[in-house]
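Novice: need coordinates for the following:
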Amino acid sequence: NEKQALGFYLSGHPYNSYAQEFSRFARRKLAQLESSRDPTVVAGLVVSSRVQMTRRGKMAFVALDDGTAQIEVSVFNELYEASRNKLREDEVLVVEGRAQFDEYSNSMRVVADSLLSAGEARARFARRLELKLNGEVATLGAHAACARLRSLLEPFRTESGCAVRLHYRSNDAVAPLDFGDPWRVRLDDALFDGLRDWLPADAVSVAYA
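Specialist: Numbering: from 1, shown residues only. Here you go, the predicted model:
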């Protein structure tokens, strides 16, 4: 509640926990944006949004902040109507669009072509979820460790999800184990929270193309 109380984030920007991972596809920080005719991908936290009526219908203006800068994202009517549930304050938003300099505001802005939640962005750009099991097997035993992993993955299984690779290490063997298609998973924040509550932080990662 730092932002509500103080008007800014005191202990660190919330997007920082996503910045390193998402830099694999949102390669430019907001402070580094330059005008370009080519599409770009940017990401940050929704700080605010407002909607106004135009001759083409509703249009949203979203303030996006990644801790390095804040820019305005223009969202035209059709995209706004399809994606309005993603424009939640303090939620991560990934934007595909075109960056341009706005002379009126003397700042960069992005005209959005598509809007993705954090989970949708991972599904779009990820190759696989990579997990490591080392001491957890020795502590719990192989059967219990497998049961724990199954219980964490089960709620997020989906045919259209991301592939899973398990890197297993014991005193006797080291092996990468690729899970079959029935164990593809949806890469929601809730899945990462559950896995990281059990496994070390460096044992849970996403491999991007």
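
Novice: so which helix or strand of the chain has the lowest pLDDT on average?
Specialist: Lowest on mean pLDDT, DSSP states H and E among the helices and strands of the chain sits helix 2-6, with a mean of 56.

Novice: so which residues of the chain form helices?
Specialist: Along the chain, the segments classed as helices by DSSP state H run 2-6, 16-22, 77-83, 118-125, 135-140, 142-153, 189-198.

Novice: just the ones you listed: most buried one?
Specialist: helix 118-125 (a mean of 19; mean count of other CB atoms under 10 Å). Every C-beta, even on glycine, is put in place using the N, C-alpha and C of the backbone.

Novice: list the contacts of it.
Specialist: With CB atoms under 8 Å, 6 or more residues apart in numbering as the test, helix 118-125 has contacts from 18, 22, 24-25, 43, 91-92, 94, 116, 160-162, 186-189, 206, 208-209.

Novice: before we move on, back to that, would a markdown table of the helices of the chain with distance to Pro39 be doable?
Specialist: Output for the helices of the chain, formatted as a markdown table (distance: least, CB to CB, whole Å):
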| stretch | distance to Pro39 |
| --- | --- |
| helix 2-6 | 31 |
| helix 16-22 | 16 |
| helix 77-83 | 14 |
| helix 118-125 | 13 |
| helix 135-140 | 42 |
| helix 142-153 | 33 |
| helix 189-198 | 26 |
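
Novice: Gly194: what's it in contact with?
Specialist: Contacts of Gly194 by CB under 8 Å, 6+ apart are Leu152.

Novice: before we move on, the earlier item: wait, which of the helices of the chain is closest to Phe61?
Specialist: With CB to CB as the measure, helix 77-83 is the member of the helices of the chain nearest Phe61 (10.1 Å).

Novice: run the chain-centre distance for that closest one.
Specialist: 20 Å (CA atoms, centre = their mean, to the nearest Å).

Novice: can you list contacts of that helix?
Specialist: Contacting residues not belonging to helix 77-83 are listed as 51, 54, 56-60, 75, 87, 112-115 [CB under 8 Å, 6+ apart].

Novice: all set now, cheers.
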